[in-house]
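J.: predicted structure and sequence below. I'll ask about it afterward.
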Amino acid sequence: MPPGRPAGATARHGGTSLSVRTFHASGAISFSTKGEYGVRMLVQLARRWTPDAPGPVSLAEVAADEDLPRAYLEQLIIPLREAGLVTSTRGARGGYALARRPAEITMAEVLRALEGPLAPMICASEDPSHAGDCARAGGCSVNYLWLEVRDAISAVLARLTLADLLPAIRRVAITPRRERDPVSV
């Protein structure tokens with residue numbers, strides 16, 4: 001997009017309006033709002049998670065706290081529940097809770113549930129069914145680059161958990177002692 005033009009602006013070319021595509025992120029490799037909003041929603045559930053009572057939280061609460069559309073969160077919760085990352089409780093005091101401790105839920109699990117397999121380029125997709133989708137497969141001079149990018153992103157997402165995204169004081173309270181201090185018995 002030309003500098004100085006706001007995202008989503010319309011360009012004029014010879015009297016014809018051309019729509020300029022609006023991108024959510026500014027970089028070449030990005031996750032959609034599904035990933036962003038889904039992670040923000042799970043962080044809110046992690047903030048409210050306690051070892052003794054991981055009770056349900058309503059999506060209305062999460063939507064209000066994060067200034068997100070509740071209807072969109074209702075759509076995002078489905079793949080998270082199907083992936084076994086959240087549980088649901090019906091009723092007046094119902095809502096959603098993490099299915100496991102925040103320290104046990106990796107960002108790799110979350111983003112794959114929401115976005116699908118990592119694929120910086122179709123030739124480097126984690127989904128083996130995409131292997132034949134690239135016309136340059138087998139003769140591409142940069143495939144190695146995309147595989148390295150995918151693997152680096154995958155490694156970071158596998159290392160980070162929901163607990164890592166919480167304020168430090170809260171992380172200590174919800175992380176099991178053996179994970180915080182491996183020397184203790």
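T.: Now that the structure is in, tell me what you want to look at.
J.: please make it C-alpha for all contacts and neighbour counts, starting now.
T.: Will do.
J.: residue 112 - nearest residue in space that isn't next to it in sequence?
T.: residue 118 (7.1 Å; C-alpha to C-alpha, 6 or more residues apart in numbering).
J.: nearest the geometric middle of the protein, what residue?
T.: Central residue of the chain (C-alpha atoms, centre = their mean): residue 35, 3.3 Å from the mean position.
J.: hang on, that residue packs against residue 115?
T.: Yes - judged on C-alpha atoms under 8 Å, residue 35 makes contact with residue 115 at a distance of 6.2 Å.
J.: give me the low-pLDDT residue ranges for this structure?
T.: Within the chain, the ranges that satisfy pLDDT under 70 run 1-28, 54, 130-132, 135, 137-138, 168-185.
J.: can we see that at 90?
T.: Across the chain, residues meeting the criterion (pLDDT under 90) sit at 1-32, 48-55, 89-94, 116-150, 167-185.
J.: where do the strands sit along it?
T.: In the chain, strands defined by DSSP state E lie at 10-13, 16-19, 86-89, 95-98, listed in chain order.
J.: quick one, helices of this structure?
T.: Counting by DSSP state H, the chain has these helices, from start to end: 33-48, 59-66, 70-82, 107-115, 143-159, 168-174, 177-180.
J.: kindly reformat those as TSV and extend each row with distance to residue 134.
T.: Conversion of these to TSV gives the following (distance: least, C-alpha to C-alpha, whole Å):
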stretch	distance to residue 134
helix 33-48	25
helix 59-66	39
helix 70-82	28
helix 107-115	20
helix 143-159	10
helix 168-174	43
helix 177-180	43
